[in-house]
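[1] What follows is a predicted structure for the sequence shown.
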Protein chains: 2
Amino acid sequence: MSTKEVTQIAAATTLTPQELLKHWQGHRGLTRKMIEAFPDDKLFTWSIGGMRPFSDLVYEFLGMAVPGLQGIATGKWQKWAHADKVTTKQELLALWDEATDGINNIWPTIPPHRFQEQDVAFGQWPGTGISFIFYFIDNEIHHRGQAYVYLRSLGIEPPAFWDRP
Amino acid sequence: MSTKEVTQIAAATTLTPQELLKHWQGHRGLTRKMIEAFPDDKLFTWSIGGMRPFSDLVYEFLGMAVPGLQGIATGKWQKWAHADKVTTKQELLALWDEATDGINNIWPTIPPHRFQEQDVAFGQWPGTGISFIFYFIDNEIHHRGQAYVYLRSLGIEPPAFWDRP
């Protein structure tokens, strides 16, 4: 392999897998702070314009994160589903922390070629491994932005967007 | 360079610069659809919980995108500021399209090492080039999610989150 070819490969690196994991877990840490910031009842009930309460959005995030990463790591996809419902904030936070560990455990098992490999997520959505991961992250940022409005409409100051663990 | 070393470099590649540009412009295309979906007056006035109207958030996105990318490409940063204000949706869309071209033009001039190089964005915020770009993208997703609630509260169906040009 020529120096030029090696340079081209190195130049193509914008983000390492380890940095991407840190980026995602930073966002997930902020989402956790958002769950904590909600009053216990409003977490499961508060809505604007007919949109889903924040708990429902969190079930969606949880349904994608660990099951999606398992699919990316192994090529074996389960059927897409939201996480099982719970009834208290503490139970939701426990599910969140379980997924945090799950992501950290699965991440190093992802074969490097899987980031760029084409697959069909949950047997339904075609794309590359990296496109699925960005969908999980972006979808969480998007719906969490919605939850910021819910908190503000309740007169509650949300955690700062830029302050991620 | 050994095969093992080359494999390690290639393994560190989750996303190429070209894919990252496409990812960002896809999100920006969705944000453009959101601007179009707002009624002309509500774009500049509608608010929930004391939050800024969507036009103000768009000025923030515009103030980061081209000026930020210029800083990443050249290492020369201007003072951070929102984009200049306009008074009509058409003018805002024109600013948006100008930034779209600006991003496309600056992107290929970014020296590859700048993605991973430490710098201080706008002379204020330390980080790597790639961390700045993700801040621009994530901040846009975050505030656009807020605008989805604005539209729903106005009884307007927003464009689908997953449908990006």
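    Sure, I can see it.

[2] Show me what the mean pLDDT comes to for the lengthiest helix in chain A.
    Using DSSP state H, we find that the single longest helix of chain A is helix A:129-153. For helix A:129-153, the mean per-residue pLDDT is 98.

[3] mind listing the helices for chain A?
    So, for chain A - with DSSP H - the helices run A:3-11, A:17-37, A:42-45, A:54-74, A:89-106, A:129-153.

[4] Show me what residue of chain A gets nearest to chain B.
    A:Gly145 (2.6 Å; CB to the nearest CB). All C-beta atoms are positioned from the backbone trio N, CA, C, and that covers glycine.

[5] Could you list which residues are in contact with that residue?
    B:Ile141, B:His142, B:His143, B:Arg144, B:Gly145, B:Gln146, B:Tyr148 (CB atoms under 8 Å, 6 or more residues apart in numbering or on different chains).

[6] Can you tell me which of the helices of chain A has the worst average pLDDT?
    What stands lowest among the helices of chain A, in mean pLDDT terms, is helix A:3-11, with a mean of 55.

[7] tell me the contacts of A:Arg164?
    A:Gly26, A:His27, A:Gly29, A:Leu30 are the contacts of A:Arg164 under CB under 8 Å, 6+ apart.

[8] ditto for A:Gly123
    A:Trp77, A:Lys79, A:Trp80.

[9] 7 Å instead?
    Contact analysis of A:Gly123 by CB atoms under 7 Å, 6 or more residues apart in numbering or on different chains lists A:Trp77.

[10] Check the offset of the longest helix of chain A from the chain's centre.
    Between the centre of helix A:129-153 and the centre of its host chain there is 8 Å, according to CA atoms, centre = their mean, to the nearest Å.

[11] got it, and stretch A:79-91?
    15 Å.

[12] Next: stretch A:44-64.
    Distance of stretch A:44-64 from the chain centroid (CA atoms, centre = their mean) equals 14 Å.

[13] likewise stretch A:93-107?
    That offset, for stretch A:93-107, works out to 11 Å (CA atoms, centre = their mean).

[14] Give me the residues contacting that stretch.
    A:21, A:25, A:28, A:32, A:35, A:62, A:65-66, A:69-70, A:73, A:83, A:86.

[15] That one: which residues count as buried?
    A:Leu95, A:Trp96, A:Ala99, A:Thr100, A:Gly102, A:Ile103, A:Ile106, A:Trp107 (16 or more other CB atoms under 10 Å in any protein chain shown).

[16] ok, now stretch A:76-92?
    So, applying 16+ other CB under 10 Å, buried residues of stretch A:76-92: A:Trp77, A:Ala83, A:Val86, A:Lys89, A:Leu92.

[17] How about stretch A:51-65?
    Applying 16+ other CB under 10 Å to stretch A:51-65 flags A:51, A:53-55, A:57-65 as buried.

[18] which residues touch A:Met34?
    A:Met34 touches A:Arg144, A:Ala147, A:Pro158, A:Pro159, counting by CB under 7 Å, 6+ apart.

[19] if you set the cut-off to 8 Å instead, what comes out?
    A:Phe54, A:Arg144, A:Ala147, A:Tyr148, A:Leu151, A:Pro158, A:Pro159 are the contacts of A:Met34 under CB under 8 Å, 6+ apart.

[20] repeat for A:Asp138
    Here A:Asp138 is in contact with B:His27, B:Ile141 (CB under 8 Å, 6+ apart).

[21] ok, it to B:Asp56 distance?
    22 Å (CB to CB, to the nearest Å).

[22] And A:Phe136, by the same measure?
    Remark: distance between A:Phe136 and B:Asp56 (CB to CB) = 29 Å.

[23] Write a PyMOL command that selects only the buried members of the contacts of A:Gly145.
    Listed next is the PyMOL selection for buried residues among the contacts of A:Gly145, using 16+ other CB under 10 Å:
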select buried, chain B and resi 141+142+143+144+145+146+148
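
[24] Out of the contacts of A:Gly145, which is nearest to chain A?
    Among the contacts of A:Gly145, and counting by CB to the nearest CB, the member closest to chain A is B:Gly145, at 2.6 Å.

[25] And for the closest one, nearest residue in space, chain neighbours not counted?
    A:Gly145 (2.6 Å; CB to CB, 6 or more residues apart in numbering or on different chains).

[26] before we move on, what about A:Leu57?
    A:His143 (4.2 Å).

[27] Now do the contacts for that neighbour.
    A:Leu57, A:Glu60, A:Phe61, B:Gly145.

[28] Rebuild those residues as a markdown table, extending it with distance to A:Pro165.
    Formatted as a markdown table, those follow (distance: CB to CB, whole Å):
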| residue | distance to A:Pro165 |
| --- | --- |
| A:Leu57 | 20 |
| A:Glu60 | 22 |
| A:Phe61 | 16 |
| B:Gly145 | 20 |
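
[29] No further questions, thank you.
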